[in-house]
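**Q** output the structure for:
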Amino acid sequence: MTRNLGTALLFLVSISSSFCANGCSESRTANHDEGRAKSLEEIQIRVGDVPVVAEVALAPAKRRAGLMHRDGLRKGHGMLFVFPVVDNLAFYMKNTRFDLDLGYFDAGGVLFQVERMKAYDRRAVYSRKPALYALEVPAGFFAAGGIKIGDKLALPAKIKGQ
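**A** Numbers count the residues shown, from 1 in each chain. Below is the predicted model:
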């Protein structure tokens, strides 16, 4: 019985670590935009013609923490998740206090999916195909900016090909 319980627990831990987004970790290293210092590098990116100031989540722990425990994002700001390989991704909103738009991008930086994510919703939102990048921005950002499927993500050279 104990061996089966241990195996099941190990399986659950490995599954939960494969979800690469908001809510897998209780880490508070990525703090709210207003008041507390950030621990992630910020870069200027573009989606189509729309500029975004993005915090970059490269490390697994930073990707797991995502935007948890924050009260919001400033207009024109977001979080860019950069993965080491192209893969099917899943995000959910554990401990995320505000609605978001989530964009999935392929290895070429082409936007292929946009989803509205509701605060605290623990249902996973899967990429419809393998992705290398994901961008979380305030809810309504993609529509307000006229960003559409097929638009390209413009990144600094130091971020590409991670």
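
**Q** mind checking what helix or strand follows the helix or strand bottoming out on mean pLDDT in the chain in sequence?
**A** Averaged element by element with mean pLDDT, DSSP states H and E, the chain has its least confident helix or strand at helix 2-18 (a mean of 36). Later in the chain than helix 2-18, the nearest helix or strand by DSSP states H and E is strand 42-47.

**Q** how far does that next one sit from the chain's center?
**A** Shown here is strand 42-47, whose average C-alpha point lies 14 Å from the average C-alpha point of the whole chain (CA atoms, centre = their mean, to the nearest Å).

**Q** and the next helix or strand past it?
**A** The element immediately downstream of strand 42-47 (helix or strand, assigned by DSSP H and E) is strand 50-57.

**Q** how far off strand 42-47 does that next one point, in degrees?
**A** Inter-element angle recorded for strand 50-57 and strand 42-47: 130 degrees (by axes from the mean of the first three to the mean of the last three CA atoms, to 10 degrees).

**Q** what residues sit buried inside strand 50-57?
**A** For strand 50-57, the buried set under the neighbour-count rule, 16 or more other CB atoms under 10 Å, comprises V50, V52, A54, E55, V56, A57. From N, CA and C alone the C-beta is placed, and that goes for glycine too.

**Q** of all the residues you listed, which comes closest to M93?
**A** Out of those, the one with the shortest distance to M93 is A57. That distance is 15.3 Å, counting by CB to CB.

**Q** could you point out which residue ranges in this structure have low pLDDT?
**A** Flagging of the chain using pLDDT under 70 yields the residue ranges 1-40, 160-162.
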